[in-house]
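Enquirer: got a structure for you, letters missing:
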């Protein structure tokens, strides 16, 4: 059996998963003050909510341009990764994940995934600003299923 993340059409899943998403939305929107209240509003038990709450998340495939993953090759020197992460924050990107390999031969491979719906400039301009940072040797932009 596959482990990790998979993308499945919601119409083929048991109804409880959709109800968990509905309960999560009630909490995030402030319509419910507690998980028990959100579960009740969504029509599921509190135990069903807690059983699946960490495993069920919404994915909005209609806006793939709002998710950006970049793979960077950085020089192994103090402050380089910090400058890259600061550039994301300063541009309004919301970092979701950062993965860094142990540096070898004076270089480290780093992947950063971020939401870009609040980016203060076009993605290509943002990527160019990353390329210009001291210590950044290479950047590859990846979208779902595509390397650009």
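Expert: Everything's here; your move. Being a predicted model, the structure only gives us computed values, none of them experimental. Numbers count the residues shown, from 1 in each chain.

Enquirer: Could you list the buried residues of the helix or strand harbouring residue 74?
Expert: Assessed by DSSP states H and E, residue 74 sits inside strand 67-75. By neighbour count on 16 or more other C-beta atoms under 10 Å, the buried set for strand 67-75 is 67-70, 72, 74. The way it works is simple: take the backbone N, C-alpha and C, and place the C-beta from them, glycine included.

Enquirer: And the residue nearest the centre of the chain, how close does it get to residue 86?
Expert: Residue closest to the mean C-alpha point of the chain, counted by C-alpha atoms, centre = their mean, is residue 96 at 3.7 Å. With the distance defined as C-beta to C-beta, to the nearest Å, residue 96 ends up 16 Å from residue 86.

Enquirer: Report the rounded mean pLDDT for the following helix or strand past the strand holding residue 74.
Expert: With elements assigned by DSSP H and E, the helix or strand that comes after strand 67-75 is helix 80-90. Per-residue pLDDT over helix 80-90 has a mean of 96.

Enquirer: Packing partners of helix 80-90?
Expert: Other helices and strands packing on helix 80-90, by 3 or more C-beta pairs under 8 Å, 6 or more residues apart in numbering; DSSP states H and E, are strand 67-75, strand 94-100, strand 107-115, helix 123-131.

Enquirer: The longest helix along the chain: which residues count as buried?
Expert: Assignment by DSSP state H gives helix 15-28 as the longest helix of the chain. By neighbour count on 16+ other C-beta under 10 Å, the buried set for helix 15-28 is 16-24, 26-27.

Enquirer: Count residues in the vicinity of residue 81, would you?
Expert: Neighbour count of residue 81, defined by other C-beta atoms under 10 Å: 20.
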